[in-house]
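Engineer: 3D model of this:
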Amino acid sequence: MKTVVYVDGQNFLYKASDVLIKEGLIGDKQELYNLDIRGLISNIIPTDEKLDIKYYGAKIKVISHMGEDVHKKSRTFSDNLRRLKNTLNKQNIQYIESGKLKLRDSDLCKNCGHHDLRFQEKGVDVGIAVDMIVDAYENRYEQVVILSSDTDLIPAIKVAKSRINTFIYLGFSDKLTNAINSQVTKTETIRDSEIVEAYKRSNQPKLV
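Structural biologist: Numbers count the residues shown, from 1 in each chain. Next up is the predicted model:
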């Protein structure tokens, strides 16, 4: 069965990093760029054909005109994205630039009382929605998997699922979105232990 997986990149990595931080395997969300994503998904979504995995993220560039702090953060974000793209390329996962990277204030720090500047991807859901509908109407796939908890995708899901045999929502076991769950034909979950295993597979010490 020809299957496509649409991955909301930042949504997925942030939730995966929460698990790995809790397990003490990484110290910060920005440290996660090496993960066996294909193995993780393939173990949950068995199919007789190789999965087409599309990973959506914003186009990122280094910002140098808004002060040293923003420049440093954008440089770090850009460097991590380059490493992530290398990981995806090795796993034959397509990285699709969709949306923009926007700067926003973080929540107020309880300890120091200050706001930190953080980057957030905006508009990625539009890219996923457009591709989902186009793929459905061109009959490219028999089975669709959506790895995102963004409820903005529900209108596109409603349109696409009328032309798809099987529509699967793949979410984290403790963070499923009921609104998406109610729209699909099947729901599968990612367990914390599976995230840990996928991380360890991609970060095993190299033999000298």
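Engineer: Please count neighbours and contacts with C-alpha atoms only from this point.
Structural biologist: Noted.
Engineer: Which per-residue confidence value corresponds to residue 189?
Structural biologist: The model reports residue 189 with a pLDDT of 95.
Engineer: helices or strands up against the helix or strand it falls within?
Structural biologist: Applying DSSP states H and E as the criterion places residue 189 in strand 186-190. Applying 3 or more Cα pairs under 8 Å, 6 or more residues apart in numbering; DSSP states H and E, one finds that strand 186-190 contacts helix 37-44, strand 166-172.
Engineer: Go again with 6 Å.
Structural biologist: strand 166-172 (3 or more Cα pairs under 6 Å, 6 or more residues apart in numbering; DSSP states H and E).
Engineer: Just checking: what are the partner strands of the strand it packs on?
Structural biologist: Its sheet considered, strand 166-172 pairs with strand 143-147 (parallel), strand 186-190 (parallel) by DSSP bridges.
Engineer: circling back: quick one: average pLDDT of the next helix or strand after the strand holding residue 189?
Structural biologist: Using DSSP H and E, the helix or strand that follows strand 186-190 towards the C-terminus is helix 192-202. For helix 192-202, mean pLDDT rounds to 95.
Engineer: Same question for stretch 30-47.
Structural biologist: 91.
Engineer: What lies in contact with stretch 81-96?
Structural biologist: 33, 53-56 (Cα atoms under 6 Å, 6 or more residues apart in numbering).
Engineer: Which positions in that stretch come out as buried?
Structural biologist: By 16 or more other Cα atoms under 10 Å, the buried positions in stretch 81-96 come out as 81, 84-88, 93, 95-96.
Engineer: In strands, which of the residues you listed fall?
Structural biologist: 95-96 (DSSP state E).
Engineer: Which of the buried residues of stretch 81-96 fall within helices?
Structural biologist: 81, 84-88 (DSSP state H).
Engineer: can you put these in JSON lines and add distance to residue 143 and pLDDT?
Structural biologist: Formatted as JSON lines, those follow (distance: Cα to Cα, whole Å; pLDDT from 0 to 100):
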{"residue": "81", "distance to residue 143": "29", "pLDDT": "82"}
{"residue": "84", "distance to residue 143": "26", "pLDDT": "90"}
{"residue": "85", "distance to residue 143": "25", "pLDDT": "90"}
{"residue": "86", "distance to residue 143": "27", "pLDDT": "92"}
{"residue": "87", "distance to residue 143": "25", "pLDDT": "93"}
{"residue": "88", "distance to residue 143": "22", "pLDDT": "95"}
